[in-house]
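Participant: coords please:
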Amino acid sequence: MKTFLFTVLCGMLLAGQAMAQAVNTLPQVLDSKVKSVQIAPSSNLYLPPIYVMGSDDVLNITFDYLDYDVHYLRYSVRHCNANWQPSVLVPSEYVSGFNEADITDYAQSNSTFVHYYNYNFTLPNADMQFYKSGNYLLTVYEQENPEKVLFQARLAVCENTVAVHVDATSRTDVDYNDRHQQVSFTVDYKQGLIADPYNELTAVVSQNSRLDNEVYLTRPFMVSPGQVTYDHNRSLIFPAGNEYRRIETVNLHSLNMGVERVQYFEPYYHATLRVDEVRAASPYLYDKTQHGHFTIRNAESDYSATESDYLVTHFSLDCDRMTGGKIYVQGAFTQGLPAADCEMHYDQPSGTYTCDMLLKQGAYNYQYLWVPNGSSVGQTGPIEGDKYQTTNEYLVKVYDRPSGERYDRLIGYGINYGGK
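Facilitator: Just a heads-up that it's a prediction; the model follows:
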């Protein structure tokens, strides 16, 4: 018993020391051979990576490693607070068994020019069950070299003990049916579940799973018996953006949506996309999109995970040279962030911005973000335009830390698809 207490206390001390310095927990791929990272509920690929405790659903994690040889990999999870900094909990407090395990489900690509291994596992599983709700940082690394991290990603575990009702409207506190959408939401709970809503709760609001413009709220607008309301908050007013652009590379031998041509130049297939236009001054045009998500698919195979090839995908944007910032391609395939390998570069001879990315066959949503110098927040207005009619996905996660608690519990979440 003394040994156990000593171990727990040491773990808490180390965790406390780690909290003294901010840890980079942003989703990122650290090995260029890792591609097509996806985390989603097995029941619906387009839902956020949130596991509801006690449900029959699981989170499915899949990715490729581009190589002829198999690599033996492991994964670990680390509990984090609402702000995605590591909590003071030790692994034995938040997962059963150990907080790391081998990835044993993998398969070699078949009939593809690019050779890769497809890896797949689920959470929770027989080796790892979640004891605590909240945020979790997933890390995948080499089995023989734990210091060689391949990528890290985010997922969440939810208690679902409250009901979160989300609304979004184009009739905002700053304009009316113009360039913005305003989010409001309520949290309904049983009496006694939340003792001090004004000081216990943290709400996080995201638009289309983007992390660069995510909003954190620590004070509700109003509290009434059994209900907390968040409304009329300037932080909840988002630029409306535009419907995501779409491309498909599901067939290598016929025309695909948004693709000008597909050619093979050893060692890769190349997909040259149709030149995109700036939409800022164009009228709104509805298109049914997946709010930035992507799907791996080969229309000529029943085994898309291992029989889909990789293509060098050439993006181009017909746009005058812009100064004072950078343009990025953004979507779920960029980890929801304006990333360095998704930066567009101006090509003087063609008068276009271009970016080349190695993408697996499938259907992709994307948009162009303008990021001013000195800022990390992308803007849709300069290129895509901000149209109040746009259908956006607004995700609200609600965390609770009662007095004396040592971590942030994720007690509920809600999603709204709209904005009109």
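
Participant: does residue 365 count as helix, strand or coil?
Facilitator: Three-state call for residue 365 (DSSP: H, G, I helix; E, B strand; the rest coil): strand.

Participant: again, but for residue 341
Facilitator: helix.

Participant: ok, it to residue 359 distance?
Facilitator: Note on residue 341: its distance to residue 359, by C-beta to C-beta, to the nearest Å, is 12 Å. For every residue, glycine as well, the C-beta is placed using N, CA and C.

Participant: So between those two, which is more surrounded?
Facilitator: A direct count of neighbours by other C-beta atoms under 10 Å for residue 341 and residue 359 places residue 359 higher, at 20 against 13.

Participant: Mind listing the residues bridging to the more buried one?
Facilitator: Beta-bridge partners recorded for residue 359 (DSSP bridges): residue 311.

Participant: wait, isn't it in contact with residue 310?
Facilitator: Yes. Using C-beta atoms under 8 Å, residue 359 is in contact with residue 310, at 6.8 Å.

Participant: residue ranges of the helices in the chain, please?
Facilitator: With DSSP state H as the definition, the chain shows helices at residue ranges 2-19, 91-94, 197-200, 304-307.

Participant: any idea which of those scores lowest on pLDDT?
Facilitator: Ranked by mean pLDDT, those end with helix 2-19 at the bottom, a mean of 41.

Participant: Need the residues touching each of residue 359 and residue 310.
Facilitator: The contact sets of residue 359 and residue 310 overlap at residue 35 (C-beta atoms under 8 Å, 6 or more residues apart in numbering).

Participant: where are the low-confidence patches of the stretch 51-200 of the chain?
Facilitator: For the stretch 51-200 of the chain, no stretch is flagged by pLDDT under 70.

Participant: domain parsing for this structure?
Facilitator: 17-158, 163-240+392-418, 245-372 (automatic domain parsing).

Participant: for the ones you listed, which one sits closest to residue 385?
Facilitator: For those, proximity to residue 385 was assessed by C-beta to C-beta; domain 245-372 is nearest, at 4.0 Å.

Participant: got the end-to-end distance for the closest one?
Facilitator: Terminal residues of domain 245-372 lie 22 Å apart, using C-alpha to C-alpha, to the nearest Å.

Participant: Then stretch 367-386?
Facilitator: Start-to-end span of stretch 367-386 (C-alpha to C-alpha) is 12 Å.

Participant: Show me what it is in contact with.
Facilitator: Counting by C-beta under 8 Å, 6+ apart, 179-180, 210, 212-213, 239-242, 244-245, 276, 278-282, 284, 292, 317, 319, 322, 324-331, 338, 344 sit against stretch 367-386.

Participant: Buried residues in that stretch, which are they?
Facilitator: Under the neighbour-count criterion of 16 or more other C-beta atoms under 10 Å, stretch 367-386 has 367-371, 378-380, 382-386 buried.

Participant: what's the offset of stretch 48-65 from the middle of its chain?
Facilitator: In terms of C-alpha atoms, centre = their mean, to the nearest Å, the centre of stretch 48-65 is set 13 Å apart from its chain centre.

Participant: CA-only coordinates of that stretch, as CSV, when you get a sec.
Facilitator: Presented in CSV, the C-alpha positions along stretch 48-65 are these (Å, rounded to 0.1, in the frame of the first residue of the first chain):
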residue,chain,number,x,y,z
PRO,A,48,-16.3,14.8,-34.1
PRO,A,49,-13.9,12.4,-32.3
ILE,A,50,-16.0,12.2,-29.1
TYR,A,51,-16.6,8.9,-27.3
VAL,A,52,-19.7,8.8,-25.1
MET,A,53,-19.0,6.7,-22.0
GLY,A,54,-21.1,3.6,-21.8
SER,A,55,-22.2,3.7,-25.4
ASP,A,56,-21.8,0.8,-27.9
ASP,A,57,-19.9,3.1,-30.4
VAL,A,58,-16.1,3.4,-30.4
LEU,A,59,-13.7,5.8,-32.0
ASN,A,60,-11.9,4.4,-35.1
ILE,A,61,-8.3,5.6,-35.6
THR,A,62,-6.7,5.0,-39.0
PHE,A,63,-3.7,6.2,-40.9
ASP,A,64,-1.1,5.1,-43.5
TYR,A,65,2.7,4.9,-43.2
